[in-house]
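Following is a predicted model, sequence given first.
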Amino acid sequence: MTHAGFLTFAHALSTVGFYLLAGVTWCAALQVTLTRNLFHSALWLAVTLLGVAGLYLYLGAEFLAVVQVLIYVGAILVLLIFGVMLTARIADPAVPALNRQALLAALAALGVGWALRLAVRQASALPAGPVAAVPLATLGHGLVTTYLLPFEVLSLILVGALVGAIVIAHPERRR
């Protein structure tokens, strides 16, 4: 196999990998909305968020991929699953799977999808130039110096949400 043939094969394989990862992410996101069980929906959300992290890796944004896994999959999704597991009526078959706003939600989703399509179309018309890479050390230094206060405020909000979930779910409070 020649060098040019190998590059063509590698590009085709890369394209197939991208579409496969995007398809898995899209199908998992669809399952988040269609699954009747709220706990299973949260698990599908984990697959979706991991797929988005994989897409970030595919784009060469390693920092965003790591942040996606640490913050969204590791923190927020754990809080969400914790809240779902503390919900008293999660297994109640009387809780309807769909609500009256399903049509409105579908129209809103179509509108957001159309707006994103227009934004991508406009962004692709912009001139593409080389973007200077920012080393991870610089991003890490900024996180513990310039953006330390917002980072700590966010961590306090997450801890407050966790403590609030524990207080609300406490057995003595349910009586």
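Okay, I see it.

the strands in the protein, which residues?
For the chain, no strands turn up when DSSP state E is the criterion.

okay, and for it, where does confidence drop off?
The chain contains residues with pLDDT under 70 at 1, 87-99, 170-175.

would you list every one of the helices in it?
3-34, 38-58, 62-67, 77-85, 102-124, 136-144, 148-169, 171-174 (DSSP state H).

isn't Val84 right up against Asn37?
No - the criterion here is Cβ atoms under 8 Å, and Val84 misses it with Asn37 at 9.4 Å. Yep, even glycine has a C-beta here, placed from its N, CA and C like the rest.

The two - which one has more neighbours?
When neighbours are counted by other Cβ atoms under 10 Å, Val84 and Asn37 differ, and Val84 comes out ahead with 16 against 13.

any idea what sits nearest Gln31, other than its immediate chain neighbours?
Trp44 (4.1 Å; Cβ to Cβ, 6 or more residues apart in numbering).

From Val66, how far off is that neighbour?
For Trp44, the distance to Val66 under the criterion Cβ to Cβ, to the nearest Å works out to 22 Å.

and the two? which has more neighbours close in?
Counting neighbours by other Cβ under 10 Å for Trp44 and for Val66 shows that Trp44 has the greater number, 20 against 14.

List the contacts of the more buried one.
Ala28, Ala29, Gln31, Val32, Thr35 (Cβ atoms under 8 Å, 6 or more residues apart in numbering).

Could you identify which of those residues has the most neighbours?
Of all the contacts of Trp44, the highest neighbour tally under other Cβ under 10 Å goes to Ala28, namely 19 neighbours.

quick one: it from Ala12, how far?
Using Cβ to Cβ, one obtains 25 Å as the distance from Ala28 to Ala12.

Over to Ala133?
From Ala133 across to Ala12, the span is 27 Å (Cβ to Cβ).

Can you tell me which of the helices of the chain is most buried?
Relative to the other members of the helices of the chain, helix 38-58 carries the highest mean neighbour count by mean count of other Cβ atoms under 10 Å, namely a mean of 18.

send the alpha carbons of that helix over as CSV?
What follows is the C-alpha trace of helix 38-58 in CSV, where atoms were taken according to Å, rounded to 0.1, in the frame of the first residue of the first chain:
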residue,chain,number,x,y,z
LEU,A,38,-36.0,8.2,35.0
PHE,A,39,-33.0,6.3,36.3
HIS,A,40,-32.3,4.7,32.9
SER,A,41,-32.7,8.1,31.3
ALA,A,42,-29.9,9.4,33.6
LEU,A,43,-27.7,6.5,32.6
TRP,A,44,-28.3,7.3,28.9
LEU,A,45,-27.4,10.9,29.8
ALA,A,46,-24.0,9.5,31.0
VAL,A,47,-23.5,7.8,27.6
THR,A,48,-24.4,11.0,25.8
LEU,A,49,-22.0,13.1,27.9
LEU,A,50,-19.2,10.6,27.4
GLY,A,51,-19.9,10.6,23.6
VAL,A,52,-19.6,14.4,23.7
ALA,A,53,-16.3,14.0,25.5
GLY,A,54,-15.2,11.6,22.7
LEU,A,55,-16.2,14.2,20.1
TYR,A,56,-14.1,16.8,22.0
LEU,A,57,-11.1,14.4,21.8
TYR,A,58,-11.7,13.9,18.1
